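A.B. asks: have a look at this fold, sequence not included:
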Ligand code: PAF
């Protein structure tokens, strides 16, 4: 596996691969790779010949009070995992290599970023779109894979791709869960043993809602109230629980099976977890 640290060297390599007729796929990550990320690489391999994995803790998507400095950085192991999974290249730029100190240009999706995580983290999606646009420009992949766990993120990036006419197909990969249901996340490493047990209430509540819908429940408020009750009883405080239209992300009163989802974000102590299910 090739390892690149600068945009110029990665761009030249990608251009060369394309000249040779290879189709390139991009898996953007912030490292600290777990099985969820490995599933993104496997997914990408289904659609392309050469998978490029970016490993970059992107400073512009963290607010000053967030965990940028403490975000787990495990680059050596991450590269080993990418190679074992069959990635062709990894990109690990230093922040000052990717961003000029006087960088003043942003990519800002302004509609789908409102609400949910965007409301709690006002600069977050602007930072995500900017770095993903930069990665798209450097790699110029034909496909890019993002996890469904960050439901709003995939929606925002898909909108950016459409609005800026990037000739890139966005692939949504399903959430990968621990055997007990907890959605995989690098931030799970921060959970104490007790928080970890109680965090199972998030997926449990979402699965129960899915079951209720399968049994005929359609009322969003009933579903949301049951989810709130379950997580609050386990000391997780919801930032938001919303039944939404999965395309527009707008809250809806009644579930439309096949076109709805539930988004959930909860806090416990200084920790925040997100999860979602399709209905
Ligand atoms: O989902 C993430 O890990 C990040 O938001 C992403 C897409 C790699 C951009 O930094």
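C.D. replies: That came in fine, so what should we check first? What you are looking at is a predicted structure, and each value in this text was computed from that prediction instead of being measured.
A.B. asks: is the ligand contacted by stretch 135-151?
C.D. replies: Yes: for stretch 135-151, a contact with the ligand is found by C-beta under 6 Å from any ligand atom, at residue 150. From N, CA and C alone the C-beta is placed, and that goes for glycine too.
A.B. asks: so for that stretch, mean pLDDT?
C.D. replies: Stretch 135-151 shows an average pLDDT of 98 in the prediction.
A.B. asks: buried residues in it?
C.D. replies: 135-136, 138-151 (16 or more other C-beta atoms under 10 Å).
A.B. asks: how long is that stretch end to end?
C.D. replies: 20 Å (C-alpha to C-alpha, to the nearest Å).
A.B. asks: please renumber the chain so that the first residue is 23 from this point on.
C.D. replies: Fine by me, first position is 23 from now on; the one you just mentioned is stretch 157-173.
A.B. asks: show me which residues of this structure are close to the ligand?
C.D. replies: Residues of the chain lying near the ligand (C-beta under 6 Å from any ligand atom): 50, 51, 52, 80, 83, 150, 153, 154, 172, 175.
A.B. asks: and the helices in this structure?
C.D. replies: In the chain, helices defined by DSSP state H lie at 29-41, 57-69, 97-107, 117-120, 138-142, 146-161, 173-185, 215-236, 242-254, listed in chain order.
A.B. asks: what angle sits between the longest one and helix 242-254?
C.D. replies: Going back to what we said before, that points to helix 215-236. 160 degrees (axes from the mean of the first three to the mean of the last three C-alpha atoms, to 10 degrees).
A.B. asks: how far does helix 215-236 sit from its chain's centre?
C.D. replies: Distance of helix 215-236 from the chain centroid (C-alpha atoms, centre = their mean, to the nearest Å) equals 20 Å.
A.B. asks: and stretch 154-169, by the same measure?
C.D. replies: That offset, for stretch 154-169, works out to 14 Å (C-alpha atoms, centre = their mean).
A.B. asks: first-to-last residue distance for it?
C.D. replies: So stretch 154-169: terminal residues 14 Å apart, C-alpha to C-alpha.
A.B. asks: give me the number of residues near residue 272?
C.D. replies: Counted by other C-beta atoms under 10 Å, the residues lying close to residue 272 total 10.
A.B. asks: in space, what's closest to it - neighbours in sequence excluded?
C.D. replies: residue 266 (6.3 Å; C-beta to C-beta, 6 or more residues apart in numbering).
A.B. asks: centroid residue for the chain?
C.D. replies: residue 172 (3.8 Å; C-alpha atoms, centre = their mean).
A.B. asks: that residue touches residue 296, doesn't it?
C.D. replies: Yes: Residue 172 sits in contact with residue 296 when judged by C-beta atoms under 8 Å, with a separation of 7.2 Å.
A.B. asks: which residues touch the residue of the stretch 73-222 of the chain found nearest the ligand?
C.D. replies: In the stretch 73-222 of the chain, no residue comes nearer to the ligand than residue 80, which is 3.9 Å away by C-beta to the nearest ligand atom. Contact analysis of residue 80 by C-beta atoms under 8 Å, 6 or more residues apart in numbering lists 52, 149, 150, 153.
A.B. asks: repeat that for residue 145.
C.D. replies: 82, 83, 85.
A.B. asks: at 7 Å instead, please
C.D. replies: residue 85 (C-beta atoms under 7 Å, 6 or more residues apart in numbering).
A.B. asks: okay, it: pLDDT?
C.D. replies: 96.
A.B. asks: residue contacts, the closest residue in space to residue 205 that isn't next to it in sequence?
C.D. replies: Once flanking residues are discounted, residue 205 sits nearest to residue 297: 4.8 Å by C-beta to C-beta, 6+ apart. In this structure, residue 297 makes contact with 205, 224, 225, 228, 286, judged by C-beta under 7 Å, 6+ apart.
A.B. asks: then residue 108?
C.D. replies: By C-beta under 7 Å, 6+ apart, the neighbours of residue 108 are residue 67.
A.B. asks: ok, residue 133 - how many residues close by?
C.D. replies: Neighbour tally, residue 133, other C-beta under 10 Å: 13.
A.B. asks: repeat for residue 175
C.D. replies: The number of residues packed near residue 175 is 23, by other C-beta under 10 Å.
A.B. asks: surely it is in contact with residue 150?
C.D. replies: Yes: Residue 175 is within contact range of residue 150, at 6.1 Å (criterion: C-beta atoms under 7 Å).
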